[in-house]
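> Below is the sequence, then the predicted model.
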Amino acid sequence: GERYAFAGRRQVVQSLRRQAPTLSGKKEPASGVSDEEEMVLSGKVAVVAAAALVGAANGFYLPGVAPKEYAEGDEVLLKVNKMTSSRTQLPYDYYDLPFCEPEGGVQDMAENLGEILTGNVIQNSPFKIRMYEEVQCDILCVKKYTDKEAQMFVEKIDEQYLINMIMDNLPAAYKTISEDHTQELAYYSHGFPLGGTVVNDAGVQMSKFLNNHVTVTVRYHIPDFEKKDVSETVSFSNLPGRIVGLFVEPYSVKHRVDKATNKVLTCPVETDAPELVKYGMPIDKGTEVTWTYSVVWEPSPIKWASRWDVYLSSKNKRSDEVHWFSIINSLLIVVFLTGMVAMILMRTLYKDLSRYNRVPTEEEKAEEREETGWKLVHGDVFRPPSHPMLFAVTIGTGAQVLGMALSTILFAALGFLSPANRGSLMISLLLLFMFLGIASGYFSARTYKMFNGAQWRQCTLLTALLYPGLVCGCLFVLNLVIWAEGSSSAIPFGSMVAVLSLWFCISVPLTFLGAFYGYKRDLDKQPVQTQDIPRAIPEQPWYMSPYLTILVGGVLPFGAVFVELFFILSSIWLDQYYYVFGFLLLVFIILIITCAEITIVLCYFQLCGEDYHWWWRSLLTSGSSALYLFLYSVFYFSNRLKMDLFVSAVLYFGYMFILSLLFFLATGVIGYFACHWFITKIFASVKVD
């Protein structure tokens, strides 16, 4: 078998051959496979061993990651996916426009729940492609468009929609042009433009053109084990090969067709004048359009395991130096905060404990010097906060979201969530959230029990329904907006029922199960007793006001992630691949440390001011970084995105509100756990009369 991994910093699929023992203990012959063959998940020795025990093991495959060889003449399906635009954020079905349809009608390809939730609509196409058979300007169809149909194309061209195609699970790559249109950048994007606008030297728009011809360049690689089976004197060109590259180049040509032979007389080449092949097919009004395509086959030294490099290689667009800058920037913040925490714990706190715990002299007793500082609130520091049930519900859901995020990033960094498996990231997030309902119920129950709450059924029900219901309500409203626009990203009713079934059949029962164990388990004894009468809180200086400290507390956690946040937003809203999950894992760990440390520092200062209302403030201090995330999304919207439609803005800010809410829950619960641990430790170390 093989091992399937993301290699190095690019997280790109790489293979490493490894002989898999059969049930009889024999190894596979050396001539059977080579370094490019049969991939499985990297580094999972237990999984490989389990696979070897099931059947006659020649290795095993995971769905979607096994390479496929095509023999000469084999049909190679070219599928079409949704049309996308970064200006509208409203994907549409390919056949929403009157393109050429395949013989036998349009058929939807099988999709998983993650693909449906992300708006993918993969369908068959009229392109007829066979392995190694080149095509020169074959006609797909000839269509006569009315003014209304032409206007449909014009509208989508104005909104800069891209056509997405897929072959052998590999998206078509298109060389992107720089913004000043003076040079071609050395990177590729998936999806090519539907058409464009002709402008004159003065910048005035003259007409719209339609890309009615596409040249499909397919690159293939012949594995070494195929070559070993034939003589060296035989040509390798027609051996079974693997598709390792799919590149498209669109043209706009007003075709002339020889009616006698039905052959195109105007097949475009690179040397033709731009006005003939780049914007030669106007579509401003009803006209006749001849749709054509060409297919070119090119051998490639790139192995199947590295075929995603063209999309993922950092040299194509952005350097990894930016990510390293983000890591270093975050580490500096952590070092600064760690120094402050160390100073508090090693110096100030040590002095406090020495002063509080030493036996006073006769002179000090005579002076009856009044003590000050955090020790004085020992009888109130564990007094339940206002709205204890809501606080417990927030902590439970926050633990659930934090576990979901950390687990997903960890799995992605280990290579389990390949971009080749569309929808895998969404499915992972969804299922992890559902199964972590047990953690939500457990931590909510433990927190509520600590407050001596009696309405545990209501608390558990709110934990299972409140925040997930709020998110589902927002998504339902946004889905109605998308549905009203006729976009393919609208979640079908059946998929909504499936998600709700997962919620009520898995997450809710697990939440009650976790709450059962949480209430059943005895609480740890608190280091100090809570007094019956609350202590009066002295007036606080202006710089220790709750609003100011909460706002200040969110700056550093946000500062630790804002560089990486730029790439994440670009992958979401500019339809780019995000693949540096190793960097993201490091940044997330730094975020956890930063949230914990800044909350501990501000909590200590708050207690020194004899203010014991720390419960909600510990949650809001680190959780306020979500406010900065939302404000940054406003900045990103105004500076990086060019959305003209009001609906697009509603969708953008709706989804960013949901993302900010989840970020608040995850970072807030980190601050609470850190603060609770810190307070428990320091009050367990002080002697109280």
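All right, it came through fine.
> Show me which residues of the helix or strand containing residue 208 are buried.
Here residue 208 sits within strand 205-210, counting by DSSP states H and E. For strand 205-210, a neighbour-count test (16 or more other C-beta atoms under 10 Å) marks 208, 209, 210 as buried. Heads up, the C-betas are built off the backbone N, CA and C, glycines and all.
> For the residue nearest to residue 529 when sequence neighbours are not counted, grab phi and psi.
Nearest-residue entry for residue 529: residue 379, 6.9 Å, with adjacent residues in sequence omitted and distances by C-beta to C-beta, 6 or more residues apart in numbering. Taking degrees, to the nearest 10, you get phi -80, psi 0 for the backbone angles of residue 379.
> Run through the helices of the stretch 51-200 of the chain in chain order.
113-117, 147-158 (DSSP state H, counting those that start in this stretch).
> Please name every helix or strand in contact with the strand ranked longest in the chain.
Assignment by DSSP state E gives strand 288-299 as the longest strand of the chain. Applying 3 or more C-beta pairs under 8 Å, 6 or more residues apart in numbering; DSSP states H and E, one finds that strand 288-299 contacts strand 135-144, strand 213-221.
> and the shortest one, what does it pack onto?
What it means is strand 213-221. strand 242-251, strand 288-299.
> Of those, flag the one that's most buried.
Mean neighbours per residue, mean count of other C-beta atoms under 10 Å, is largest over those for strand 242-251, with a mean of 21.
> can you pull the contacts of the nearest residue to residue 283 once chain neighbours are set aside?
Spatially, and ignoring its direct neighbours in sequence, residue 283 is nearest to residue 210 (4.1 Å; C-beta to C-beta, 6+ apart). Residues counted as contacts of residue 210 (C-beta atoms under 8 Å, 6 or more residues apart in numbering) are 153, 157, 194, 195, 252, 281, 282, 283, 289.
> Would you mind giving me the confidence score for the first one?
Translated: residue 153. In this model, residue 153 is scored at 93, pLDDT.
> sorry, back to before: pick the one among the contacts of residue 210 closest to residue 502.
residue 194 (36.4 Å; C-beta to C-beta).
> check contacts around the closest one.
83, 97, 153, 156, 157, 161, 162, 163, 210, 211.
> what's the closest non-adjacent residue to the second one?
If I follow you right, that is residue 97. residue 152 (5.9 Å).
> Would you mind stating the distance between the one you found and residue 96?
8 Å (C-beta to C-beta, to the nearest Å).
> and whichever helix in the chain runs longest, how far from the chain's centre?
Longest helix of the chain, by residue count under DSSP state H: helix 646-684. On the basis of C-alpha atoms, centre = their mean, to the nearest Å, helix 646-684 is displaced by 18 Å from the centre of the chain it belongs to.
> buried set for that helix?
In helix 646-684, counting by 16+ other C-beta under 10 Å, buried: 647-648, 650-652, 655-676, 678-680, 682-683.
> Over to stretch 382-390?
Buried, per 16+ other C-beta under 10 Å, within stretch 382-390: 382, 384, 385, 388, 389.
> and of these, the nearest to residue 223?
residue 389 (61.7 Å).
> Now do the SS call for the closest one.
Per DSSP: H, G, I helix; E, B strand; the rest coil, the local secondary structure of residue 389 is helix.
> Could you do residue 201 as well?
coil.
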